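Colleague: With the input below, show me the fold.
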Amino acid sequence: PDSLNFDAGFWRRAVESVETPDAYTAVLHLKEQNVGLIYRLAVPFNGQVMLSAKAATADPSMGVGTGPWKMVEFRPGEFIRFEAVPNHWRQSPAYKELIIRQVPEESTRRSMIMAGQTDLAPVTPASARSLRSSGAQVLSDPRSYVLAVSPLGVLLPERETFDASIPWVADPADPVAWERALKVRMAMDLAIDRQLICDTLLGGEAVPAADRTSNESWSRWDPSWTATPYDPDRAKALLAEAGYPDGFEFPMMLFEENDRPGLTVMGQAVAQFWQAIGLRPKLTNVDYSTQVRPATRDRGLAGTVIVKANPAYEEPVLGYVGAFWSKAESILYAEYAPLDELIEKSLATSDVDQRLDVEVEMVEMVRDNHFVFPIAWVNGLWGASASIGEFPRISGVFGMYNLEYVTPAL
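Modeller: This next block holds a predicted model:
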């Protein structure tokens, strides 16, 4: 019940019961058809893996699985140490030991790469330029993740934390108020110069984003879906029409995610664009795990803005479930009853073409209502020491993965 996993509610609502007729079989009985469950069984998403009851209860800090690395030491907040599994059924690692350290400071990670104190580290475009100029390796994963700005508080009116006094929030049953709040969200979206951010702050290692879950790689992508244009004059006019000619003040929380660096700098840049149209964001640096994530479960922080990073998904609904669905355990973006209907219809549709038709409607609804402000699809960048030879990577996947396939330089 106290799980902070974004998909905990998804599993509770999807699964009726589980049977284990023999030692090698698990049978899941679902409450209703749910295509999203197949994806979550196939991908170890947000730590969703199958564990034996013994492994899960004996020592929760030590993982037990079938992968090519065996966990041998875990120091929370410091590092996790693994040993290679010999003669693994898929791939035996070239390195006998793997240590993953938690190093949130960007400058420290860059220095560790330069000094040969670590072999791989996620870096920002600014650090990538510095590393390249010094002769270090930089590996790139095109369009690895999207940076998006979320104005929190767009919730179902029956929520205890629903607050219609927030400029970008309104009850959809009140068309006048809903139109006012939409104008505020549109103004905030139009005030952001995405191309400038991509060219300067992100060093050309990004492209403007039109959606926070999918991009041109999706089979049903519509070329007319383009990133919100930069139009500060129109943004000011919309604020005035909404009743905020002098802008308004609001809190903005900044934090970092270890494998997707640059969120804090991105938030600072967005804040400057908003200040230019008269808005007054109040920036504070916080810890995501302890100060933000629990609040997303409780629908807290209404009226606060955050910057978040997300991956691409094979189908938008797979990402929308944990970001927009009101029945999800946590909400990162917005709740909206018509969007709930589309999400649930998509999850219950097994015909692929019919399901994708619904997902197109879903993307358009989020875009039309400016529930989230996608900023840029960013190349995942890794600083690599001279000892790293090959590191096979997959476009659209971020974080620590495929490390068993990393080979030493010759």
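Colleague: where does the chain have low pLDDT?
Modeller: By pLDDT under 70, the low-scoring segments of the chain are 4-6, 43-50, 59-63, 258-259, 261, 395-399.
Colleague: quick one, longest strand in it?
Modeller: Counting residues, the longest strand found in the chain (DSSP state E) is strand 137-151.
Colleague: State the next helix or strand along the chain beyond that one.
Modeller: Using DSSP states H and E, the helix or strand that directly follows strand 137-151 along the chain is helix 175-190.
Colleague: And that following helix, what's buried?
Modeller: By 16 or more other Cβ atoms under 10 Å, the buried positions in helix 175-190 come out as 180-190. For the C-beta atoms, the positions are set from N, CA and C on the backbone; glycine is no exception.
Colleague: Okay, angle between the longest strand of the chain and helix 175-190 too, please.
Modeller: Inter-element angle recorded for strand 137-151 and helix 175-190: 160 degrees (by axes from the mean of the first three to the mean of the last three Cα atoms, to 10 degrees).
Colleague: The spatially closest residue to residue 246 that is not a sequence neighbour: neighbour count?
Modeller: Spatially, and ignoring its direct neighbours in sequence, residue 246 is nearest to residue 278 (6.2 Å; Cβ to Cβ, 6 or more residues apart in numbering). Using other Cβ atoms under 10 Å, residue 278 has 18 other residues around it.
Colleague: now the buried residues of helix 175-190 as TSV including distance to residue 74?
Modeller: Below are the buried residues of helix 175-190 laid out as TSV (distance: Cβ to Cβ, whole Å):
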residue	distance to residue 74
180	50
181	45
182	47
183	50
184	45
185	42
186	46
187	47
188	41
189	42
190	46
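Colleague: For the residue most central in space within the chain, name its beta-bridge partners.
Modeller: With distances taken as Cα atoms, centre = their mean, residue 310 lies nearest the centre of the chain, 2.2 Å away. Applying DSSP bridges to residue 310 gives these bridge partners: residue 146.
Colleague: Distance check, residue 361 against residue 380.
Modeller: With distances taken as Cβ to Cβ, to the nearest Å, residue 361 is found 30 Å from residue 380.
Colleague: Those two: who's more crowded?
Modeller: When residue 361 and residue 380 are compared for neighbours, residue 380 comes out ahead with 24 against 16, by other Cβ under 10 Å.
Colleague: For the more buried one, which non-adjacent residue is spatially closest?
Modeller: Closest to residue 380 by Cβ to Cβ, 6+ apart is residue 144, at 3.0 Å.
Colleague: from what I can see the one you found touches residue 394, true?
Modeller: No: using Cβ atoms under 8 Å as the test, residue 144 is too far from residue 394 to be in contact (9.2 Å).
Colleague: Pick out whichever of these two has more residues nearby.
Modeller: Counted by other Cβ under 10 Å, residue 144 and residue 394 do not tie: residue 144 has more neighbours, with 27 against 10.
Colleague: any idea how far residue 312 is from the more buried one?
Modeller: According to Cβ to Cβ, residue 144 and residue 312 sit 8 Å apart.
Colleague: Helices of the stretch 251-400 of the chain, start to end?
Modeller: Ranges of helices in the stretch 251-400 of the chain, per DSSP state H, counting those that start in this stretch, are 263-276, 293-297, 316-320, 337-347, 352-369.
Colleague: Quick one: closest of these to residue 92.
Modeller: Among the helices of the stretch 251-400 of the chain, helix 316-320 comes nearest to residue 92, with 31.6 Å by Cβ to Cβ.
Colleague: Can you tell me which helices and strands that closest one packs against?
Modeller: Where contact means 3 or more Cβ pairs under 8 Å, 6 or more residues apart in numbering; DSSP states H and E, helix 316-320 is packed against helix 36-42, helix 337-347, helix 352-369.
Colleague: CA atoms only: put it into PDB for me.
Modeller: Taking Å, rounded to 0.1, in the frame of the first residue of the first chain, the C-alpha atoms of helix 316-320 are listed here in PDB:
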ATOM      1  CA  PRO A 316       1.900   6.500 -26.200                       C
ATOM      2  CA  VAL A 317      -0.700   4.800 -23.900                       C
ATOM      3  CA  LEU A 318       2.200   2.900 -22.200                       C
ATOM      4  CA  GLY A 319       3.600   6.200 -21.000                       C
ATOM      5  CA  TYR A 320       0.300   7.900 -20.500                       C
END
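Colleague: Going forward, the N-terminal residue is numbered 141.
Modeller: Sure, I'll start numbering at 141, so the last one becomes helix 456-460.
Colleague: what does that helix contact?
Modeller: The contact list for helix 456-460, computed with Cβ atoms under 8 Å, 6 or more residues apart in numbering, reads 175-176, 179, 351-354, 358, 450-451, 453, 479, 483, 486-487, 495, 498-499, 502-503, 506.
Colleague: returning to that earlier point: for the residue nearest to residue 386, give me its contacts.
Modeller: Counting by Cβ under 8 Å, 6+ apart, residue 418 makes contact with 376, 379, 384-387.
Colleague: picking up where we left off before, from the contact counts, what lies against the longest strand of the chain?
Modeller: Other helices and strands packing on strand 277-291, by 3+ Cβ pairs under 8 Å, 6+ apart, are helix 265-273, helix 315-330, helix 403-416, strand 445-450, strand 513-524.
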